[in-house]
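K.L.:
sharing a model prediction with you, sequence too.
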Amino acid sequence: MRVINKTGGVRWHLDALPIAHVAYLLDRGYNGIIRFFKAVEEERGAAIIENALSKSGASVLSSISAAKAAAILNKVSAPKAASIFEEFGESSAEEIWHNLSESKRSVIGVLLSISCISKVLYFGEVATWRMSASPSSYPTGIGGDSSTIWHCDLYAEKVYELSTSDFSVVRSADSPGDMPLGIGGDASVMWHCDESLDKIYQLGI
C-alpha cells in the first residue's frame, strides 16, 4: 500500500513501514490509511491502533467495515478500545459494537459506563447500546420481560406499555394514584405501587 503526495509521487510504502510509523501517518491523516486498514490482518491492525491517537483510530475504524473494525478492536486492550469508542459517532459505534465479542463488550462496557455514560449502559454481565427518551419528564418505574415493557411516570401520572424494539409508547392509561413509583410484570400481569395512597395494585392488561 502506497501513500501518494500532492505531486503524485510515492511518499511512503506502508507495507514496509514499522508499526510506529504507520500510526504516525494515521494520526496525521495521510491518504491510503483506510485502504491499508481494509487489507491489514487483525493483529497488525490492533498494534497500529494501540499506538495511534484515539481520535485517529476512531476515524479510520469508522471508515472500514464494522466486522473488520470489530475484529481489530477485539485484539486491542480494553482501555484503548473504550477510549476509541468515546470518539465514535453513535451510528458507527453501534454497528461496530454489535460485531464485537461478548467478552470484549462486557469489559469495555464497564469502562464506558464510567467515562461515557451517554453511549453505553452496563447491566451485570451484559452491555448494550439501546436507549431512548422516556415518554414524560419524571420516569419512576419500569419492568416487564423480553416481550413486554411496563413503565410509569410521576409527573404524567400515567402507566405505559412500551415497545421492546424502540421503546415507543404502545398504549397508556392514567395511574390509580397521583404518585406512581413502581411497576413490573409480564405480558399477562402488571403490578404497580403508589406512594401517596400507600397501595399496591394488580392492574388490568
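P.N.:
Yep, that arrived. Numbers count the residues shown, from 1 in each chain.
K.L.:
how about the closest residue in space to residue 161 that isn't next to it in sequence, what does it touch?
P.N.:
Counting by Cβ to Cβ, 6 or more residues apart in numbering, residue 161 lies nearest to residue 170, which is 4.3 Å off, once chain neighbours are set aside. (Glycine included, C-beta is placed from N, CA and C.) Residue 170 makes contacts with 160, 161, 162, 163, as judged by Cβ atoms under 8 Å, 6 or more residues apart in numbering.
K.L.:
could you break this structure into its assigned domains?
P.N.:
The record's domain split for the chain, according to automatic domain parsing, is 2-120, 139-203.
K.L.:
of these, which is nearest residue 132?
P.N.:
Checking those against residue 132 by Cβ to Cβ gives domain 139-203 as the closest, at 3.8 Å.
K.L.:
gap between that closest one and the chain center?
P.N.:
Chain-centre distance of domain 139-203: 26 Å, with Cα atoms, centre = their mean, to the nearest Å.
K.L.:
avg pLDDT for that domain?
P.N.:
For domain 139-203, mean pLDDT is 94.
K.L.:
with stretch 37-49 instead?
P.N.:
So the average pLDDT for stretch 37-49 ends up being 91.
K.L.:
which residues touch that stretch?
P.N.:
With Cβ under 8 Å, 6+ apart, stretch 37-49 has contacts from 1, 19, 22-23, 26, 57, 60-61, 63-65, 68, 71-76, 80, 84.
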